[in-house]
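**Student:** Build me a structure from this.
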Amino acid sequence: MKIAVTSASGKLGASIVKHLIKAIGKENVIGIARTPEKAAYLDVEIRKGDYNNREDFEKALQGVDAVLLVSGMDDPQKRIIQHRNVIEAAKSNSVQKIVYTSIVGAEENNAFSPIVQTNRQTEKDVINSGLDWVIGRNGIYIEPDLEYIDTYVKEGAIRNCAGEGKCMYTSREELGFAYSKMLLEEKHNGNTYNLVGEAITQSELASLINQVYDTNLTYNSVSFDAYAAERKGALGDFIGTVIAGIYEGIKGGENEVPSGFEKATGRLHQSPLEMIKRFKKNLKINL
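**Tutor:** You can find the predicted model right below:
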């Protein structure tokens with residue numbers, strides 16, 4: 001069985017590739033990347049695939065039995081067409097199964113909703129493809145907060161607009177394991193899973209980081225407008241608005257949903273404390 005993973009040069013795609021290698025061997029895994037050189041380190045066959053180029057995927061998906069479609073990062077209006085390029089190429093190449101990485105979140109009423117709306121449209125496109133399918137709705141990655149610790153320490157606090165809302169954090173490592181299972185096990189076909197962990201507040205996140213990193217962080221809640229202005233100033237209008245919208249959704253309870261992780265994987269999701277400890281350990285190993 002040949003399985004292809006799109007966006008293999010990205011952190012999520014790479015995690016999925018690594019878990020698949022453990023399960024079925026590198027000779028059965030194909031990575032697809034817009035810039036193949038960036039994924040060469042994965043030590044599997046790498047094929048070129050730009051979401052904007054349908055012809056790339058007509059070639060990249062030849063001889064493939066199942067494809068993992070990692071959701072694109074482009075402007076919402078472009079993403080639907082980009083994802084359809086992969087879906088249509090999968091159909092014309094007689095790929096048997098498609099698994100899509102969607103996301104948890106509200107479809108309207110916050111600044112992140114346009115992203116969620118396009119993901120929901122791709123979910124519909126995947127379901128209507130005629131292929132076997134599985135959809136994962138990812139929770140918010142915990143890694144960006146951990147990669148940002150030095151800045152938090154300088155500022156003395158985690159600062160965002162989530163208030164007392166709870167977030168069911170996940171990690172790329174946990175997701176990589178889940179998607180390998182969803183790709184390989186037929187019992188998941190036709191299911192949509194919320195791939196999320198335990199719900200915690202931002203204050204609880206700060207406390208857990210303090211426990212592992214021996215820091216002294218607190219949580220500083222600010223308004224959406226203030227946080228959006230800050231993020232847009234640092235990251236640009238598009239990404240800044242998306243980030244602010246994520247925390248707006250957390251405040252509104254949109255990231256506290258029933259978890260399907262155990263059903264998808266056969267085990268419990270790691271706790272936030274376990275994920276933080278694992279991140280720190282892996283960082284030391286890779287230094």
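**Student:** can you map out the helices along the stretch 1-150 of the chain?
**Tutor:** Using DSSP state H, counting those that start in this stretch, the helices assigned to the stretch 1-150 of the chain run over residues 11-24, 54-60, 76-92, 113-127, 143-147, 149-155.
**Student:** any low-confidence regions in this protein?
**Tutor:** Low-confidence segments of the chain, defined by pLDDT under 70, are located at 284-287.
**Student:** Let me see the ranges of the strands in it.
**Tutor:** Using DSSP state E, the strands assigned to the chain run over residues 3-5, 29-33, 45-48, 66-70, 97-103, 132-138, 157-160, 167-168, 191-195, 199-200, 218-221.
**Student:** Mean neighbour count, the ones you listed: which tops it?
**Tutor:** Mean neighbour counts were taken over the strands of the chain using mean count of other CB atoms under 10 Å, and the top value, a mean of 29, falls to strand 3-5. Quick note: C-beta positions are derived from backbone N, CA and C, even for glycine.
**Student:** Direction included, what does that one pair up with?
**Tutor:** Strand 3-5 has its sheet partners listed here by DSSP bridges as strand 29-33 (parallel), strand 66-70 (parallel).
**Student:** what does the first one rub up against?
**Tutor:** Counting by CB atoms under 8 Å, 6 or more residues apart in numbering, the neighbours of strand 29-33 from elsewhere in the structure are 2-9, 13, 17, 20-21, 39, 42, 44-49, 57, 60, 64.
**Student:** Leu195 versus the residue nearest the centre of the chain, what's the distance?
**Tutor:** In the chain, the C-alpha nearest the mean C-alpha coordinate belongs to Asn138, at 5.4 Å (CA atoms, centre = their mean). For Asn138, the distance to Leu195 (CB to CB, to the nearest Å) stands at 5 Å.
**Student:** residue contacts, the spatially closest residue to Gln62 that is not a sequence neighbour?
**Tutor:** With CB to CB, 6 or more residues apart in numbering as the measure, Asn93 is the residue that lies nearest to Gln62, at 5.8 Å, once sequence neighbours are left out. If you count contacts by CB under 8 Å, 6+ apart, Asn93 has them with 58, 61-64.
**Student:** farthest pair in the residues you listed?
**Tutor:** Taking CB to CB, the two most distant members of the contacts of Asn93 are Glu58 and Gly63; they sit 12.1 Å apart.
**Student:** More neighbours: which of those two?
**Tutor:** Here Glu58 and Gly63 are set side by side on neighbour count (other CB atoms under 10 Å), and the busier one is Glu58, at 16 against 10.
**Student:** what residues are up against the residue lying closest to Val153 once chain neighbours are set aside?
**Tutor:** The shortest distance from Val153 to any residue other than its chain neighbours is 5.8 Å, reached at Thr215 (CB to CB, 6+ apart). If you count contacts by CB under 8 Å, 6+ apart, Thr215 has them with 149, 152-153, 209.
**Student:** Would you list the buried entries among these?
**Tutor:** Members of the contacts of Thr215 that pass the buried threshold by neighbour count (16 or more other CB atoms under 10 Å) are listed as 149, 152, 209.
**Student:** In TSV, list those residues along with distance to Ser271.
**Tutor:** Output for the buried ones among the contacts of Thr215, formatted as TSV (distance: CB to CB, whole Å):
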residue	distance to Ser271
Ile149	19
Tyr152	21
Ile209	14
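**Student:** and of those, the nearest to Gly233?
**Tutor:** Proximity of the buried ones among the contacts of Thr215 to Gly233, judged by CB to CB, is greatest for Tyr152, which lies at 18.0 Å.
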